[in-house]
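Undergrad: sequence first, then the predicted structure, then my questions.
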Amino acid sequence: MCYVIKYNLVVRFGNKDLAKYPFLKEAFSYIVKYDFKLEDLDSRDYQHLIDKATKKIEQYLFFGKCEYQINYSKTHETIVQEEVIIFIISLLLIKSISIQAVTKKFALLESMRFEKYLISDLNTANQDDKTIKLILYKIFEDLFSTKILLEVDIYNFYKIRITDYLDHPIAFQEKEWNLVNRTLHNGFVYLDGTEIVRLFRNELYLLIIDRIQKMSIDRIPDTIMAISKSIKKRWEQMHPSINEPAYNVVTPPCIQHIYDQISKGENLPHPARLLLGTFLIYSNKTLEEMLDLFKRLPDFDEKITRYQLEHLAGKKGSSKRYYVPSCEKIKLENLCYETRICQGISNPIQLVRKKSDI
Amino acid sequence: MSDTSSFDFNESGKNGKHTSKYQNAEPDDKNKNWLEGVFRRYYFYHYSQIELGELINEHEFGFRLFDGKIRRHLAFNDKKELYAYIIKFSPSDIFYSSSRYQNPKAEIDQKGWIGSDLIFDIDGKDLHLECAQSHNLVLCRDCSFISKGIIPKCAGCNSTRLQIIDMPCSRCIKSLTGEVKKLTEILKDDFGIVSESIFIYFSGNNGYHIHVVDKNFYGISAQKRSAFAQYLMGKGYLIENLGIRKNTDGVLTPMHNKVQYNQGWRRRIFDSMHLPIQNHRIDDKFVKKYVRMLDAKNNNTNDIISTNIFDLSAKIDPNVTMDIHRIFRLAGSINSKSGLIKAFCKDLDSFNPFVDACFVGGDSNVKIDSKLNIKISLKGKQFSLKPGANTIPEYVAAYVVCKGIGDIQ
Ligand code: SF4
Ligand SMILES: [Zn+2]
Ligand SMILES: [Zn+2]
């Protein structure tokens, strides 16, 4: 049934809904039609769009929040065109900043923005709202190669084949997303609108990263270059590179790998945070020193992180103190990067002890 | 660890738990030599009982021989080659991989995995049945004394080095079939697997193997299989999924008017608790009944729900399901723990392992030395053994000798 729908897509699109999904091919076709060229960005006509993109990125990078609003007070065509161009400008800016941590933070927040649109579209769509369903099918089938189906008789439930569902990493990463905590029936996993979009957050995020990486850098207009340089400078002032650990201290490879991930701006899975947190607590780091590290995570929230670290140290809530997990446990979580120095140890802290004994 | 289904290289060293009884036997051990002959004769005349699919050249075979040696990573071009090997060596146990490989003889990581059926193992040991406590036997490894019923210390010499001998009764089998049905219901309702794709086998001793032959699941990874196992066992199920939430006082309260699709675990749990759900919604009727249930039972809700989940969950061995490189007892071969056959159950309800899994032939009488007083029922006949000499049909003697409760004379 999806194939039939697919052919109608291009024809049926063409309203302002597309503005929310500028990464779709159909949205792109709006600017192709008007012969938009990157060089045009140097002209004054696009200044307001460049400003808008810049403001969005600064908010993302320096305040970790999204207050972006689509301007709907125009014709449908213009709205879509402008959103697509703002999206392209954003990608150009990020590409030319070329700091991995920036790319990742941008991708995370941008994907959260699209996610919000999708959730609200899905929740407000009634049974006959074809357009939204089309966008949904399109996004899921084309971008994530997963087929979703709508269970027509039962409210707004969507279903995905069980094995397709398990292709999404979240199914193994988070408890409430484990198969056992999903509703299964007749070979399908049933999800409501909110869930189906959250399931794809990771994919949305990866998609944006991919778009940025594939962008060619040699045609970036001067206006864009100038802005990106100033953003880059500001970022680097806020994030001096991680201090190398003091001479003569052995960092366990699993911990080193987490440091590396942080400096690349990658988002850490929960077990990695736990490992890092307990390890830092064990190494007698102060809360401020720890926060300094966690600050680099794309989804950093000071209040939450502070609370979590205090909790790990046994100060908040339950008085239980958490200990650094054993190598065996770390291996099970796929966080072990064993090298020769790990020989004969069963907990990463033994490496620290070993060294300080000498 | 599953009882009968598999072994791997490490197994032979594990507390002797899965080792052959004859590993340290003298070369002229009477029991060993006799059984080896009985097995050989069975395979010679009844090799057609062995159940093999097509493409046997793409499966790995493994054998345990009567001297305790284990052979793995073997492959055969066709049935004839396999039969010849079996008859020549008369193994005590025959295993083969459910997986197909490009090169089944290679080491695990070089084999080139093609795919595998989904396999589930339900073992009587994991059910912790009451009857098993009284009818199973305990063999003392120090003085060889056999006692009835599970005891912590040998009645003869006080040793704690004891080995349990499973002597499943018809009640054990009934509980096992109940578990198999629970599993197959979930597979059908939740996973959409049709009955025709589900094949049930008696393991030959005290359990069942369930094979799902479905191309939708043939190629799935070990990781996905482990998610299946977790699902079937209801492991880690969050009560919030029921639309029941802890309120500020820590009391579990239903979320009034919450819409949730009433299928899968949710439906199963609500059904078994007799909580009515209409139109996938938690309505007044539901809440009323929920409150009444709480008043009637002094238990806390958490316990009630957990007990229900436990009762509903499939008692499978998750390791068997997620290990795609495991080798399994071959259907139609004899299980050396019992002298019974791993047999296909065409109709689970009418299947009686003590009749349908006895090996064909073996009706001539032989003399055995029983170590205890015991009643055995096989092929629909009762045999009361007294300590000392008894004359019984060969198929009964095989059972007695395999169980280690009697010696061939
Ligand atoms: S062996 Fe232990 S210390 Fe070494 S990398 Fe693995 S988990 Fe870390
Ligand atoms: Zn004893
Ligand atoms: Zn019993």
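TA: Sure, I can see it. Ligands and ions are numbered 1, 2, ... in the order given.
Undergrad: pLDDT value on the closest residue to B:D214 other than its chain neighbours, please?
TA: Nearest non-adjacent residue to B:D214, counting by C-beta to C-beta, 6 or more residues apart in numbering or on different chains: B:S197, 4.5 Å away. Bear in mind the C-beta positions are built from the backbone N, C-alpha and C, glycine included. Confidence at B:S197, expressed as pLDDT, is 96.
Undergrad: can you check B:R266 too?
TA: For B:R266, the predicted pLDDT is 95.
Undergrad: could you work out the end-to-end span of stretch A:39-56 for me?
TA: End-to-end distance of stretch A:39-56 (C-alpha to C-alpha, to the nearest Å): 22 Å.
Undergrad: report the mean confidence score over that stretch.
TA: The average pLDDT for stretch A:39-56 rounds to 91.
Undergrad: one more: stretch B:384-398?
TA: Over the span of stretch B:384-398, the pLDDT mean works out to 95.
Undergrad: test my guess that A:F36 contacts A:I89.
TA: No - counting by C-beta atoms under 8 Å, A:F36 sits too far from A:I89 to count as a contact (11.3 Å).
Undergrad: settle it for me: which of the two has more neighbours?
TA: Neighbours around A:F36 and A:I89, counted as other C-beta atoms under 10 Å in any protein chain shown, are more numerous at A:I89. The numbers are 25 against 17.
Undergrad: make sure that one is indeed in a strand.
TA: No - under DSSP: H, G, I helix; E, B strand; the rest coil, A:I89 sits outside any strand and is assigned helix.
Undergrad: for it, report the pLDDT, please.
TA: Predicted confidence (pLDDT) at A:I89: the value is 93.
Undergrad: not counting its neighbours along the chain, what's nearest B:Q133?
TA: Excluding its sequence neighbours, the residue lying closest to B:Q133 (C-beta to C-beta, 6+ apart) is B:I150, at 5.0 Å.
Undergrad: point me to the residue of chain A nearest ligand 3.
TA: Nearest residue of chain A to ligand 3: A:V180, at 30.4 Å (C-beta to the ion).
Undergrad: ok, that residue touching B:A229?
TA: No - the criterion here is C-beta under 8 Å, and A:V180 misses it with B:A229 at 9.6 Å.
Undergrad: the residue nearest to B:D214: neighbouring residues, count only.
TA: Neighbour count of B:S197, defined by other C-beta under 10 Å: 17.
Undergrad: how far away is it from B:I122?
TA: From B:S197 across to B:I122, the span is 18 Å (C-beta to C-beta, to the nearest Å).
Undergrad: A:A53 reaches A:I89, doesn't it?
TA: Yes - using C-beta under 8 Å, A:A53 is in contact with A:I89, at 4.1 Å.
Undergrad: can you check the pLDDT for whichever residue of the stretch 151-300 of chain A sits closest to ligand 1?
TA: Closest residue of the stretch 151-300 of chain A to ligand 1, C-beta to the nearest ligand atom: A:C254 (3.2 Å). Looking at A:C254, its pLDDT is 91.
Undergrad: is it true that it lies in a helix?
TA: Yes - counting by three-state DSSP, A:C254 is located in a helix.
Undergrad: count of neighbours near the residue nearest to A:I220 when sequence neighbours are not counted?
TA: Spatial nearest neighbour of A:I220, excluding adjacent residues (C-beta to C-beta, 6+ apart): A:S96 at 5.1 Å. Around A:S96 there are 19 other residues, counting by other C-beta under 10 Å.
Undergrad: just B:L82 next, same as before
TA: Counted with other C-beta under 10 Å, the neighbours of B:L82 add up to 23.
Undergrad: that one in helix, strand or coil?
TA: Going by three-state DSSP: B:L82 is helix.
Undergrad: state the distance from it to ligand 1.
TA: 43 Å (C-beta to the nearest ligand atom, to the nearest Å).
Undergrad: just B:L55 next, same as before
TA: Here B:L55 is placed at a distance of 40 Å from ligand 1 (C-beta to the nearest ligand atom).
Undergrad: can you list the residues of the stretch 201-350 of chain A near ligand 1?
TA: A:P252, A:P253, A:C254, A:C327, A:I330, A:C336, A:Y337, A:E338, A:C342, A:I345, A:P348 (C-beta under 6 Å from any ligand atom).
Undergrad: quick one: which of the residues you listed is nearest A:K264?
TA: A:Y337 (14.6 Å; C-beta to C-beta).
Undergrad: skip the chain neighbours and tell me the closest residue to the closest one.
TA: In this structure, A:Y337 finds its nearest non-sequential neighbour in A:P253, 4.2 Å apart by C-beta to C-beta, 6+ apart.
Undergrad: wait, that neighbour sits on A:Q343?
TA: No - A:P253 is not in contact with A:Q343 according to C-beta under 8 Å; the separation is 11.8 Å.
Undergrad: more neighbours: those two, which one.
TA: The neighbour comparison of A:P253 against A:Q343 (other C-beta under 10 Å) goes to A:P253, with 18 against 7.
Undergrad: the more buried one and chain B, how far apart?
TA: Distance, A:P253 to chain B, by C-beta to the nearest C-beta, to the nearest Å: 23 Å.
Undergrad: residues touching that residue, list them.
TA: Contacts for A:P253 (C-beta atoms under 8 Å, 6 or more residues apart in numbering or on different chains) come out as A:C336, A:Y337, A:E338, A:T339, A:I341, A:C342.
Undergrad: tell me which two in the residues you listed are the farthest apart.
TA: Between any two of those, the greatest separation by C-beta to C-beta is 12.7 Å, found for A:C336 and A:I341.
Undergrad: neighbour count: these two, which is higher?
TA: Comparing A:C336 with A:I341 by neighbour count (other C-beta under 10 Å), the higher total belongs to A:C336, at 18 against 14.
Undergrad: pLDDT weak spots in the chain?
TA: If you meant another chain, say so; for now it's chain A. Across chain A, the ranges flagged by pLDDT under 70 are A:1-15, A:123-133, A:152-156, A:241-249, A:315-320, A:353-358.
Undergrad: ah, I was thinking of chain B
TA: B:1-27, B:297-299.
Undergrad: repeat that for 80
TA: By pLDDT under 80, the weakly predicted segments of chain B are B:1-28, B:109, B:247-250, B:294-300.
Undergrad: what residue spans form the domains of it?
TA: For chain B, the structural domains run B:6-127+B:167-232+B:316-360, B:239-312, B:361-409, going by automatic domain parsing.
Undergrad: adding distance to A:Q261, write those domains out as a markdown table.
TA: Listed next are the domains of chain B as a markdown table, based on distance: least, C-beta to C-beta, whole Å:
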| stretch | distance to A:Q261 |
| --- | --- |
| domain B:6-127+B:167-232+B:316-360 | 22 |
| domain B:239-312 | 31 |
| domain B:361-409 | 56 |
